[in-house]
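Asker: Coordinates for the following, if possible.
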Amino acid sequence: METSDTGLLVKLSETDETVANRDEDIRERDVKDKDGADIGKVKDLLVDETERRVHFIEVASGGFLGIGQDKTFIPVDAITSITGDEVWIDQTREHVAGAPAYDPDLVRERETYGSILGYYGYGPFWGPDYRYPDYPTYRQGL
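Answerer: Purely as a prediction, here's the structure:
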């Protein structure tokens with residue numbers, strides 16, 4: 001059974017896979033909202049192992065040395081551009097702050113993905129009309 005049929009994703013860090021081109025690995029890059037406000041850092045990528053496509057970025061914000069961090073998933077559909085140090089999204093910081101709560105026990109449930117995608121205004125990646133975004137897209141510094 002294909003992962004896309006079940007809607008299950010895994011964190012890239014929990015697999016033996018790597019990003020083919022190290023320059024395209026956006027983990028640890030700063031995430032900026034559409035107005036340039038800091039949101040956090042990309043901590044992991046949620047991928048479909050069968051299709052080998054990233055569908056969400058896991059973003060951590062706040063905390064000190066990883067303690068007390070808030071985490072959220074942001075669909076790759078929201079990414080507008082990527083620089084050498086930053087990932088820009090088409091949402092506001094306030095909107096991201098109101099996203100469905102991160103629950104590590106629900107990471108692999110299709111309903112969780114659907115609620116996150118719906119919150120951000122995107123359709124399900126398993127739907128018949130879904131078009132995978134041009135990811136990653138890179139731009140020169142601001």
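Asker: Regarding the chain, what is its longest helix?
Answerer: helix 110-120 (DSSP state H).
Asker: Give me the helices and strands touching that one, please.
Answerer: strand 53-61, strand 70-75 (3 or more Cβ pairs under 8 Å, 6 or more residues apart in numbering; DSSP states H and E). (Glycine included, C-beta is placed from N, CA and C.)
Asker: quick one, that helix and strand 70-75 angle?
Answerer: 80 degrees (axes from the mean of the first three to the mean of the last three Cα atoms, to 10 degrees).
Asker: Sketch out the low-pLDDT regions of this structure for me.
Answerer: 1-7, 63-69, 107, 136-142 (pLDDT under 70).
Asker: give the contact list for the residue positioned nearest the centre of it.
Answerer: The chain has Ile57 as the residue nearest its centroid, 1.7 Å off, counting by Cα atoms, centre = their mean. Residues in contact with Ile57 (Cβ atoms under 8 Å, 6 or more residues apart in numbering) are 26, 31, 42, 44-46, 73-74, 76, 79, 87.
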